[in-house]
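**Q** dropping the sequence and predicted coords here.
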Amino acid sequence: MDKSNGYERIAKRFIEIRGQDEAGVGTLSVRNWVRSLPEKSTILDLGCGTGLPITKVLIDEGMEVYAIDASKIMVQEFNNTFPDIPVECESVEDSLFFNKQFDAIIAWGLIFLLSEEVQTKLLEKVASFLKKGGKLLFTAPAQDGVWMDNLTGQKSRSLGAKKYRDLLDKFGFRIIQEYKDEGENYYFDAIKL
């Protein structure tokens, strides 16, 4: 089973399309979110890819960043760009999250690549690795549905805003806000109670 959800196979193409873009879609939204966190917060970036553009925003804002991605090629590129940032090549479902508690966790463009079962387990796992008052930001379509990812050809699935709200509530989160960015990505911004 491909734990990278097809990204290892298309990594070089992804890097050409998005993996070198320092000011891509989502950077403004992520920058605004990061600025709501205390200075020098410890953040885990799940599905970090090459680190561009999302991880770079976290670093530029002075955060202590840790990162995880399941694609070896993406992690190699990440290491080339950010050699001082701890990164692990592993799937989010198998990761031990550096055996660390975090002030915030971000999963940009990741959750909907996972099965419903793995999404549910991941949100529960995220709750256990966030400090009380820690923040979670992830993207997933507000509409529930299944589609084939344009880049990987893999099945993607959104559980829909209502289901995500229910899961976040179940795992001890309160939604702060939901919104779309300039690329129509839908964000769930939550805090662990």
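**A** Yes, it's here.
**Q** longest helix in this structure, by residue count?
**A** Counting residues, the longest helix found in the chain (DSSP state H) is helix 116-129.
**Q** list of residues touching the helix or strand containing residue 175?
**A** Assigned by DSSP states H and E, residue 175 belongs to strand 173-180. For strand 173-180, contacts defined as Cβ atoms under 8 Å, 6 or more residues apart in numbering pick out 29, 127, 135-136, 142, 161, 165, 168, 186-193. C-beta coordinates here come from the backbone N, C-alpha and C atoms, glycine included.
**Q** how about the longest helix of the chain: buried residues?
**A** Within helix 116-129, the residues that count as buried by 16 or more other Cβ atoms under 10 Å are 118, 119, 120, 122, 123, 125, 126, 127, 129.
**Q** show me how far it is from its chain's centre.
**A** Distance of helix 116-129 from its chain centroid, counting by Cα atoms, centre = their mean, to the nearest Å, is 12 Å.
**Q** are we agreed that residue 138 is in a strand?
**A** Yes: assessed by DSSP: H, G, I helix; E, B strand; the rest coil, residue 138 belongs to a strand.
**Q** so what's it up against?
**A** 106, 107, 108, 110, 111, 187, 188.
**Q** and the gap between the nearest residue to the fourth one once chain neighbours are set aside and residue 109?
**A** In space, and not counting its chain neighbours, residue 110 is closest to residue 47: 3.3 Å by Cβ to Cβ, 6 or more residues apart in numbering. If you measure residue 47 against residue 109 using Cβ to Cβ, to the nearest Å, the figure is 6 Å.
**Q** more crowded one of these two?
**A** Just comparing residue 47 and residue 109: by other Cβ atoms under 10 Å the higher neighbour count belongs to residue 47, 25 against 17.
**Q** okay, the more buried one: pLDDT?
**A** What the model reports as pLDDT for residue 47 is 94.
**Q** pull the contacting residues for it.
**A** Counting by Cβ under 8 Å, 6+ apart, the residues that residue 47 touches are 68, 69, 70, 92, 107, 108, 109, 110, 113.
**Q** any idea how many residues pack against residue 46?
**A** The burial count for residue 46: 25, using other Cβ under 10 Å.
**Q** give the contact list for the residue nearest to it when sequence neighbours are not counted.
**A** Once flanking residues are discounted, residue 46 sits nearest to residue 107: 4.2 Å by Cβ to Cβ, 6+ apart. Residue 107 makes contact with 46, 47, 92, 122, 126, 136, 137, 138, 139, according to Cβ under 8 Å, 6+ apart.
**Q** pretty sure the fourth one sits against residue 92.
**A** Right, residue 122. Yes: the pair residue 122 / residue 92 is scored as a contact, 5.7 Å apart, by Cβ atoms under 8 Å.
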